[in-house]
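Chemist: Predicted model follows, preceded by the sequence.
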Amino acid sequence: MTFEMPDFWLALPEMFVLGMACFILVLDLFLPEERRGISYFLAQITVIGAFVSSLWVAPAGVQTTFDGMFVSDPLGTFLKLAIYVLTAGVFLYSRGYLRDRALYKGEYYVLGLFGMLGMMVIVSASSLLTIYLGLELFSLSLYAMVAFDRDSLRASEAAMKYFVLSALASGTLLYGLSLLYGLTGSLEMSQVAQFAGGHAGEHYAFVFALAFVLVGVAFKFGASPFHMWIPDVYHGAPTSVTLYLGAAPKVAAFAMAMRLLVDTLGPLQASWGPMLVVLAVLSLAVGNVVAIAQTNIKRMLAYSTISHMGFLLLGLLAGTRTGYSAALFYAVVYALMSLAAFGVVILLSRAGFEAERLGDFKGLNERSPWFAFMMLVAMFSMAGVPPTAGFYAKLAVLAAVIDVHQTWLAVVAVFFSLIGAFYYLRVVKLMYFDAPADPEPLTARLDLRVALSANGLLLLGLGIYPGLLMGWCLAALH
Amino acid sequence: MLEGYLPVLMFIVVGLLVGSVAIMAGFVLGRRRPDPAKLSPYECGFEAFEDSRTKFDVRYYLVAILFIIFDLEIAFLFPWAVALHRIGVFGLAAMGLFLTILVVGFVYEWKRGALEWE
Amino acid sequence: MTFELFIFYLFAAVLVFAALRVVTVRNPVHAVLFLVLAFFSSAALWLLLEAEFLALVLVLVYVGAVMVLFLFVVMMLDINVAVLREGFTRYLPVGLLVGLAIVAEMGLVLVRYFVLPPGSAPKPVGPDFSNTRMLGDLLYTHYVYPFEIAAAILLVAIVAAIALTLRRRPGTKHQDPAAQIAVRRRDRVRLVRMDAEKKPE
């Protein structure tokens, strides 16, 4: 029997996160209620440790191990680093929120870490099997997190909807993957790609499999018409979980699209390109138009997610390196914007009060000019107003689309962004020109204030000087 | 190769026969003289006042799902045991890690009190 | 038709029948039992394919454990079938339309374009061949990475199930054998020294 010893070194971050998550799970059982903070700090240490170890073990080129199931490449390293930063931010933001609502439990962090581990597995998957298992690990953690506030009827309903729809999407994806395996006899992405490129005779069979795979990917993005779960889940989940859902998973969804569509089914770009056009245009339309009618900020941001995913898909469908790097830039910037916007929602909430309605933002400028400004930056960035990061992200995607001579798509995207600007600016108007309905002073903790400020300033900084992040994105896709 | 399973097939057939013959015999030979009183639901002599379906406690579900997880673990042990002398120390370590992760789950389960019925 | 083929068609027919009954039968408990039958027939089909281990695991895990869970859930939910069936006819036209569209599309692709690469049917293996050992050879070496991820998934399932469903009920009266055993005499009996009183005269 020939068996090559795998290079465990490359999987050091994964092993570290797994070990620490198990450790926190057991330790938390023995902690008294008032020492719960230890679990939080250990979770943060885990994320930082994963960050350091990912940088440490990153090889210069592309290396696969575990018999071609695990790949370590610059794209994977970059995506993982982004996921760590976003997850650490989510843990930091949600600490006070959880504490105020009797949700401050070790399981939240353990599930969050396992979700992160699932995303890491997706990011460094080079086999259809591992990408599916990573997706399951990640989704399973998220279902539980959405239902974490188990006495809340709305959260249970959201978790149920998410679970049923997501299981259906996973099944569809699995069906597509099994077709690919049946056609090529291999689970390894590079071999599937080689086979798909070399056998033009079975083109339609591959397109058939592609359609199923694409449904699964589109569901994870929440791209229309597979977006039905997004508003209900964003709305129903505790805000701390919505924060988690809105940030790192978008980067993971990008990773999934890159691995499955580009690395595996790259030779079929002529087929999935037009499919993505449909998804992108529908997402832009549905997201931006329906968001106008929302009065709940979480639902509004949920629809805004759908429209942003449409934008991200535009970058992917260009099918060029600049297109991919623009999409990657967009994914990271969108996750940061989402973190900032939901962070302000958390900042305004306090024990027994959820700042969910748009009306809760009235007169924020009088209550706290600085955080009103942070929200202004987040909203401007989402709307794509210069000089914020969102503007540059949209610009890069549009440039990539125009590069491949699909100018009409760019026009459509700009048109819907203009519609979308309305509801972002409505929030700004409420903050600056309306009298506050709720005169209570803000009572957020110092760490949340500092992190949120850093997040907002980062959006501004990346808008003024996008070259650094863009350079990393380009280098990652070498 | 498949001939070896012939006894299993015979067993299934005999099992089906025994089961169906017993029911059919009762159906064919039994006397049936239904009247409204016999057909009405009987609940200690008074009218039924509740649906016969009642909710099960969620704890049964918890026990069942924990059982499935450890059932799966056992299923993974079979091929491992058969191939252990061929996969050597590496296989032993792989299963060791697998079991360690599940033992963490078991410790969690125990300490949380999921195994207690109250 | 060989005997083997006859057995195949027999179990396949039972499988299709059971699967149809799962969705058409009125009583959800009966639906679960038909699902058991469906799993059992597919296990028999796998056995015909000489995938003995998988066939037995299907019976062991699905019929033995998952179906018990399904039964619990069906009973736990206390499903009122009549309410569930409301709106069935209302959605039927839309459902049929979507279903037909999918069937037509799939049929078009499958019939016209889906040409599987010509391959020979797998040959029957000898009596010395052990499916289980082949799985063991691969699962814990080549597939060690997915195998350990599976462990992590099972762990998350444990944590999720307990975190979401376990509740402490205050005020339940139950025995705690450990506390009963740990009891010392002084916890239960207090010997009080009382001097005898003088009998009143």
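Modeler: Yep, it's here. For clarity, every value in this text was computed on a predicted model and none was experimentally measured.

Chemist: secondary structure element for residue A:370?
Modeler: Assessed by DSSP states H and E, residue A:370 sits inside helix A:369-383.

Chemist: hmm, I was thinking of residue A:149
Modeler: Assigned by DSSP H and E, residue A:149 belongs to no helix or strand.

Chemist: Which neighbouring elements make contact with the lowest-mean-pLDDT helix or strand in chain B?
Modeler: Every helix and strand of chain B was ranked by mean pLDDT, DSSP states H and E. The lowest is helix B:36-39, at a mean of 81. Of the remaining helices and strands, none touches helix B:36-39 by 3 or more C-beta pairs under 8 Å, 6 or more residues apart in numbering or on different chains; DSSP states H and E. For the C-beta atoms, the positions are set from N, CA and C on the backbone; glycine is no exception.

Chemist: Now do that helix: everything it contacts.
Modeler: Residues outside helix B:36-39 that contact it (C-beta atoms under 8 Å, 6 or more residues apart in numbering or on different chains): none.

Chemist: helix or strand right after that helix?
Modeler: Note on helix B:36-39: by DSSP H and E, the next helix or strand toward the C-terminus is helix B:58-112.

Chemist: by contact count, what packs against that next one?
Modeler: If contacts are counted by 3+ C-beta pairs under 8 Å, 6+ apart, helix B:58-112 sits against helix A:12-30, helix C:52-57, helix C:67-77, helix C:131-139, helix C:144-165.

Chemist: what's the average pLDDT for it?
Modeler: When pLDDT is averaged along helix B:58-112, the result is 91.

Chemist: Kindly report the same for stretch A:174-191.
Modeler: For stretch A:174-191, mean pLDDT rounds to 90.

Chemist: got a list of contacts for that stretch?
Modeler: For stretch A:174-191, the external contacting residues (C-beta under 8 Å, 6+ apart) are A:68-69, A:125-129, A:132, A:192, A:195-196, A:202, A:205-206, A:208-216, A:259-260, A:263-264, C:116-117.

Chemist: do the same with stretch B:7-18
Modeler: By C-beta under 8 Å, 6+ apart, stretch B:7-18 touches residue C:7.

Chemist: which residue packs closest to the closest residue to chain C within the stretch 51-200 of chain A, ignoring adjacent ones?
Modeler: Closest residue of the stretch 51-200 of chain A to chain C, C-beta to the nearest C-beta: residue A:144 (3.5 Å). Closest residue to residue A:144 apart from its sequence neighbours, by C-beta to C-beta, 6 or more residues apart in numbering or on different chains: residue C:160 at 3.5 Å.

Chemist: Residue A:114 is in contact with that neighbour, correct?
Modeler: No: between residue C:160 and residue A:114 there is no contact under C-beta atoms under 8 Å: 9.4 Å.

Chemist: So these two - more neighbours on which side?
Modeler: residue A:114 (28 against 22; other C-beta atoms under 10 Å in any protein chain shown).

Chemist: The more buried one and chain B: what is the separation?
Modeler: Note on residue A:114: its distance to chain B, by C-beta to the nearest C-beta, to the nearest Å, is 11 Å.

Chemist: How about residue C:27?
Modeler: Distance of residue C:27 to chain B, given as C-beta to the nearest C-beta: 10 Å.

Chemist: Helix, strand, or coil at residue 10?
Modeler: Just so you know, I chose chain A. Secondary structure assignment for residue A:10 (DSSP: H, G, I helix; E, B strand; the rest coil): helix.

Chemist: Which residue does the stretch 151-300 of chain A have closest to chain C?
Modeler: residue A:204 (3.1 Å).

Chemist: tell me the pLDDT at that residue?
Modeler: 77.

Chemist: packing partners for the host helix or strand of it?
Modeler: Using DSSP H and E, residue A:204 sits within helix A:203-221. Contacts defined by 3+ C-beta pairs under 8 Å, 6+ apart place helix A:203-221 against helix A:153-184, helix A:248-257, helix A:269-292, helix A:297-318.

Chemist: Mean pLDDT for the helices and strands packed on helix B:58-112 - can I get that in TSV?
Modeler: What follows is the helices and strands packed on helix B:58-112, written out as TSV (pLDDT from 0 to 100):
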stretch	mean pLDDT
helix A:12-30	95
helix C:52-57	90
helix C:67-77	81
helix C:131-139	89
helix C:144-165	94
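
Chemist: And the residue nearest to the spatial centre of chain C, how far from residue C:57?
Modeler: Centrality entry for chain C: nearest residue to the mean C-alpha point is residue C:66, 1.7 Å, by C-alpha atoms, centre = their mean. According to C-beta to C-beta, to the nearest Å, residue C:66 stands 11 Å off from residue C:57.

Chemist: Repeat that for residue B:29.
Modeler: 42 Å.

Chemist: quick one, what contacts the residue nearest to residue A:144?
Modeler: Residue C:160 sits next to A:111, A:140, A:141, A:143, A:144 when contact means C-beta under 8 Å, 6+ apart.

Chemist: what's the closest of the residues you listed to residue C:96?
Modeler: Closest approach to residue C:96 among the contacts of residue C:160 (C-beta to C-beta): residue A:143, at 31.1 Å.

Chemist: Tell me how many other residues crowd the closest one.
Modeler: Neighbourhood size, residue A:143 [other C-beta under 10 Å]: 22.

Chemist: Any chance of the backbone angles for it?
Modeler: phi -60, psi -50 (degrees, to the nearest 10).

Chemist: I figured residue A:27 was touching residue A:38, is that so?
Modeler: Yes: applying C-beta under 8 Å as the test, residue A:27 and residue A:38 come out as touching, 7.2 Å apart.

Chemist: Just checking, which helix or strand of chain C averages the lowest pLDDT?
Modeler: Using mean pLDDT, DSSP H and E, the lowest element in chain C is helix C:81-85, with a mean of 66.

Chemist: Now the element after that one, going C-ward?
Modeler: Counting by DSSP H and E, the element after helix C:81-85 in chain order, helix or strand, is helix C:88-108.

Chemist: Centre of the chain to that next one, how far?
Modeler: 29 Å (C-alpha atoms, centre = their mean, to the nearest Å).

Chemist: For that helix, C-alpha coordinates in PDB please.
Modeler: Below are the C-alpha coordinates for helix C:88-108, written out as PDB (Å, rounded to 0.1, in the frame of the first residue of the first chain):
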ATOM      1  CA  PHE C  88     -52.200  21.900  -0.600                       C
ATOM      2  CA  THR C  89     -54.600  22.300  -3.400                       C
ATOM      3  CA  ARG C  90     -53.900  26.000  -3.500                       C
ATOM      4  CA  TYR C  91     -50.200  25.500  -4.100                       C
ATOM      5  CA  LEU C  92     -50.600  22.400  -6.200                       C
ATOM      6  CA  PRO C  93     -50.800  24.200  -9.600                       C
ATOM      7  CA  VAL C  94     -47.600  26.200  -9.000                       C
ATOM      8  CA  GLY C  95     -45.800  23.200  -7.600                       C
ATOM      9  CA  LEU C  96     -46.800  21.100 -10.600                       C
ATOM     10  CA  LEU C  97     -45.700  23.800 -13.000                       C
ATOM     11  CA  VAL C  98     -42.200  24.000 -11.300                       C
ATOM     12  CA  GLY C  99     -41.900  20.300 -11.100                       C
ATOM     13  CA  LEU C 100     -42.800  19.800 -14.700                       C
ATOM     14  CA  ALA C 101     -40.300  22.500 -15.800                       C
ATOM     15  CA  ILE C 102     -37.600  20.700 -13.800                       C
ATOM     16  CA  VAL C 103     -38.500  17.300 -15.200                       C
ATOM     17  CA  ALA C 104     -38.600  18.700 -18.800                       C
ATOM     18  CA  GLU C 105     -35.200  20.400 -18.400                       C
ATOM     19  CA  MET C 106     -33.600  17.400 -16.900                       C
ATOM     20  CA  GLY C 107     -35.100  15.100 -19.500                       C
ATOM     21  CA  LEU C 108     -33.900  17.300 -22.300                       C
END
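
Chemist: Can you point out the buried residues in that helix?
Modeler: For helix C:88-108, burial by neighbour count (16 or more other C-beta atoms under 10 Å in any protein chain shown) applies to no residue.

Chemist: for it, what is the average pLDDT?
Modeler: Here the average pLDDT along helix C:88-108 is 84.
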